[in-house]
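Colleague: no sequence for this one, just the structure:
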């Protein structure tokens, strides 16, 4: 019986952590971990719950190694995985990293690995060379961190900053003027995105920079060229820029007013 392997495989393919699956199905995380480890087995009602949730039959869930079937290109014929959408965009990341407890790790893609990532985001061997980590508060979704290069998103996102993105399972879910990491045939782009898929069948990638706007024109891309979409959820930066000039002027003015008050008070006394 392949139940333990199949539960773990289907959970990873759906982009869920054990905590996330536990929340969706109202089944304890420890219980799910025990099922995946083969320590215990669910009753028939719980089996039906898993089968319905992942959209597979009980027979497949129990008697067929789904991961092997998928690797031998039987996934579409047997209904193990969703048929790819017309745009070619996959609803789940090709590679997911998990820790020993089955919780999703965050894979870090530094600038020097970008070229390799564009070709190797579906290659297990390449992805295993990238650093992984976890952060508190980032649960129940799949996240990836990308290092930013260049001034195209300044002053909001600077070169050297790190963007942690949450996986988006469909281009249709892109919201206007939000920051995304778009992995497409032309590269890995950290941009503000305008979604015009319904009206024009296009996505528009914009830069925030004003000083360098002539260097970074808006990019128009077709949905079939999009490989991954990560919604910017968090920025990690080591930049401690000095305050703007207006801040300095206000600070000087405030100091002058305080000095005048002190002098005026002294004269009255």
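Modeller: Ah, there it is. As the structure is a computational prediction, the values presented were derived from the model and not from experiment.
Colleague: and the most centrally placed residue in the chain, what does it touch?
Modeller: Closest residue to the average C-alpha location of the chain: residue 166 at 2.5 Å, with Cα atoms, centre = their mean. Contacts for residue 166 (Cβ atoms under 8 Å, 6 or more residues apart in numbering) come out as 141, 142, 143, 230, 231, 233. In short, each C-beta sits where N, CA and C put it, glycine included.
Colleague: what subset of the residues you listed is buried?
Modeller: Those of these that meet the buried threshold are 142, 143, 230, 231, by 16 or more other Cβ atoms under 10 Å.
Colleague: re earlier: immediately after the one helix or strand the residue nearest to the centre of the chain maps to, which helix or strand?
Modeller: If you go by DSSP states H and E, residue 166 is part of strand 162-167. Downstream of strand 162-167, the next assigned helix or strand under DSSP H and E is strand 178-184.
Colleague: out of the buried ones among the contacts of residue 166, name the ones that lie in strands.
Modeller: Using DSSP state E, 143, 230, 231 are the members of these that sit in strands.
Colleague: what bridges to the last one?
Modeller: Right, residue 231. Beta bridges link residue 231 to residue 166, residue 180, judged by DSSP bridges.
Colleague: heads up, I number from 34, so please use that
Modeller: Understood, numbering begins at 34; the last thing we discussed is residue 264.
Colleague: and it, how close does it get to residue 214?
Modeller: 8 Å (Cβ to Cβ, to the nearest Å).
Colleague: which neighbours do those two have in common?
Modeller: Common neighbours of residue 264 and residue 214, counting by Cβ under 8 Å, 6+ apart, are residue 198.
Colleague: give the buried residues for stretch 132-149.
Modeller: Taking 16+ other Cβ under 10 Å as the criterion, stretch 132-149 shows 135, 136, 137, 138, 139, 140, 141, 142, 146 as buried.
Colleague: quick check: closest non-adjacent residue to the last one.
Modeller: Distances taken as Cβ to Cβ, 6 or more residues apart in numbering put residue 163 closest to residue 146, at 6.2 Å, once the chain neighbours are dropped.
Colleague: what about the one you found, neighbour count?
Modeller: 20 (other Cβ atoms under 10 Å).
Colleague: let me know the pLDDT of it.
Modeller: Here, the pLDDT recorded for residue 163 equals 95.
Colleague: mind listing what it touches?
Modeller: Applying Cβ under 8 Å, 6+ apart, we find residue 163 in contact with 140, 141, 142, 146, 150.
Colleague: likewise for residue 192?
Modeller: 181, 182, 183, 184.
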